[in-house]
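A.B. asks: Here is the input, now give the coordinates:
(chains A, B, C and D)
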Number of protein chains: 2
Amino acid sequence: MTTQKKAEAKRTFLIEQATACLAEKGYAHVSLRDIAKESGVSLGILHYYFASKEELLLAVISSYKGRFMEELEREVIAAPSGEWSAALASVLCRSLQEDRKLHRLWYDLQVQAMYVPAFGEQVKVIRSRLHQLISRMLVRLQREEQSSLTIDEDSAISLIYSAIDGFLFQFLLDESQKPEEAIARFEQAFAHLMHTLFSSESLSPESR
Amino acid sequence: MTTQKKAEAKRTFLIEQATACLAEKGYAHVSLRDIAKESGVSLGILHYYFASKEELLLAVISSYKGRFMEELEREVIAAPSGEWSAALASVLCRSLQEDRKLHRLWYDLQVQAMYVPAFGEQVKVIRSRLHQLISRMLVRLQREEQSSLTIDEDSAISLIYSAIDGFLFQFLLDESQKPEEAIARFEQAFAHLMHTLFSSESLSPESR
DNA sequence: AGAAAAACTGGACAGTCGTCCAAAAAAGAG
DNA sequence: CTCTTTTTTGGACGACTGTCCAGTTTTTCT
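C.D. replies: Numbers count the residues shown, from 1 in each chain, chains lettered A, B, ... in the order given. Below you'll find the predicted structure:
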């Protein structure tokens, strides 16, 4: 049954092309013709593999962030004992530079999910996977430092997640206006954030 | 010159209607015909008062969040000494319930500003006004508690701003999926956030 | 080889979009 | 009242949208 595999491969190819197109122009300004042209296929093909535009976009969302999250999990889990936060910062910095438009798309899709209920489901799946990653890091932190932090799981996790996510969002906004030293600012500010979240002093002076 | 005033009044009226329409359907799915119908005027009127759709949307953004930010500044400044964070939480909670769709629109517009450079300018204005508010609160905190926090202004401010903003964003996402106890969760989690940001222990146990 | 199924094409379709405008209605000024 | 200016209308225009399909090409199977 190579026929099945072939079809599946083309499907994922189209999904990838659609993702790239979406990342470039944004949800509001992308059309099926854009995607078809970018993919080098005719318009009808899209309706051959996807029943509707919404189905294609759903497929884009559900396949989204696959590589990024795998790398994130791999690098952070494999990081040396006390420096997983530095590893996290490193992965984020590299990904923010290399796949900036993909991250921008992530926030675009999240916003659209607030208007289109059908998108909410898939967005929720990705978010809960990110939550799980944070949870795993927390239990590890708890274990290694044998600290007495009995962490209220839900509350702490969503706190950390929100802070990091808000941070990436602000970076993307800053960077779309003054792209010069945005990365450097992010790197420093992220270290500051991790320090605030996980060390014993809050808002302590240490930078300049 | 009532003629000038009349025209100005109608302009702001149309901007308000457009804002409501935008908040309801989102940037990606709103049309000038929607706005015209919602406003009870004909389509041509919009082009009589605004040269293009983009100009109308720019006017919407620049007039956006006026009331909210005024209330925020008023309530937080007027709050009793040690409890401005509680006042902030109170204002946010009320506004998130009452004007939920307006806040949703705020993130929509921010995302669009990453794709449409023309929007970036106005979005930046609002964000810097919010930054100023945080800055004002910080110097007050510094003065009243005479703490030794020599705050790195830029870094700390954007840290706090990102955390709060990310928090609101997560709330809106959560709430669009399970609206039941989202408010209560936000209230508790926000207190947790403020505690983490401004008290001496990070991620301390105290809830449950 | 030929027959059946899958993959693909280009264009037609019914809408909607932003833009624009000639003409009607309303308001103001003399 | 008439004349001018401002405001408003309803529709036309071309371009674009998602959807759909009658054929054509390619592949697969016997």
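
A.B. asks: Tell me which other helices or strands the helix or strand encompassing residue A:74 touches.
C.D. replies: Element membership of residue A:74, judged by DSSP states H and E, is helix A:66-78. For helix A:66-78, the contact count by 3 or more Cβ pairs under 8 Å, 6 or more residues apart in numbering or on different chains; DSSP states H and E identifies helix A:84-98, helix A:117-144 as packing neighbours. No exception for glycine: its C-beta is placed from N, CA and C like everyone else's.

A.B. asks: where does chain A dip in pLDDT?
C.D. replies: Low-confidence regions of chain A, defined by pLDDT under 70, span residues A:1-3, A:81, A:145-153, A:199-208.

A.B. asks: And it, what are its domain boundaries?
C.D. replies: For chain A, the TED database gives the domain ranges A:1-50, A:54-199.

A.B. asks: could those be laid out in TSV, adding mean neighbour count and distance to residue B:83?
C.D. replies: Shown next, in TSV, are the domains of chain A (neighbours: other Cβ atoms under 10 Å in any protein chain shown; distance: least, Cβ to Cβ, whole Å):
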stretch	mean neighbour count	distance to residue B:83
domain A:1-50	16	41
domain A:54-199	17	21
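
A.B. asks: Present the ones you listed as JSON lines; the columns should include distance to DNA strand D.
C.D. replies: Shown next, in JSON lines, are the domains of chain A (distance: least, Cβ to the nearest atom of the strand, whole Å):
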{"stretch": "domain A:1-50", "distance to DNA strand D": "3"}
{"stretch": "domain A:54-199", "distance to DNA strand D": "6"}
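
A.B. asks: Secondary structure element for the residue in chain A that DNA strand C sits nearest to, which one?
C.D. replies: Residue of chain A nearest DNA strand C, by Cβ to the nearest atom of the strand: residue A:44 (2.5 Å). Secondary structure from DSSP H and E places residue A:44 in helix A:43-49.

A.B. asks: mind checking how far the following helix or strand past that helix is from the chain centre?
C.D. replies: Toward the C-terminus, helix A:43-49 is succeeded by helix A:53-62 as the next helix or strand (DSSP H and E). Its chain's C-alpha centre and that of helix A:53-62 lie 17 Å apart, by Cα atoms, centre = their mean, to the nearest Å.

A.B. asks: Between helix A:117-144 and helix A:53-62, find me the angle.
C.D. replies: 10 degrees (axes from the mean of the first three to the mean of the last three Cα atoms, to 10 degrees).

A.B. asks: does helix A:53-62 come close to DNA strand C?
C.D. replies: No. Interface with DNA strand C: helix A:53-62 contributes nothing (Cβ under 7 Å from any atom of the strand), its closest point being 13.3 Å away.

A.B. asks: any bit of that helix sitting next to chain B?
C.D. replies: No. Figure legend: helix A:53-62 not in contact with chain B (Cβ under 8 Å from any Cβ of the partner chain); closest approach 11.3 Å.

A.B. asks: counting contacts, what elements does that helix pack onto?
C.D. replies: If contacts are counted by 3+ Cβ pairs under 8 Å, 6+ apart, helix A:53-62 sits against helix A:2-25, helix A:32-39, helix A:117-144.

A.B. asks: at 10 Å instead, please
C.D. replies: Contacts defined by 3 or more Cβ pairs under 10 Å, 6 or more residues apart in numbering or on different chains; DSSP states H and E place helix A:53-62 against helix A:2-25, helix A:32-39, helix A:43-49, helix A:100-115, helix A:117-144.

A.B. asks: could you check the angle helix A:66-78 makes with the longest one?
C.D. replies: Using the same axes, to 10 degrees, one finds that helix A:117-144 and helix A:66-78 are set 10 degrees apart in direction.

A.B. asks: now helix A:117-144 against helix A:84-98, angle please.
C.D. replies: 150 degrees.

A.B. asks: Please give me every residue in contact with residue A:11.
C.D. replies: Neighbouring residues of residue A:11 by Cβ atoms under 10 Å, 6 or more residues apart in numbering or on different chains: A:49-50, A:56, A:59, A:63.

A.B. asks: Of those residues, which is the nearest to chain B?
C.D. replies: residue A:56 (15.5 Å; Cβ to the nearest Cβ).

A.B. asks: so which residue of chain A comes closest to chain B?
C.D. replies: residue A:166 (1.8 Å).
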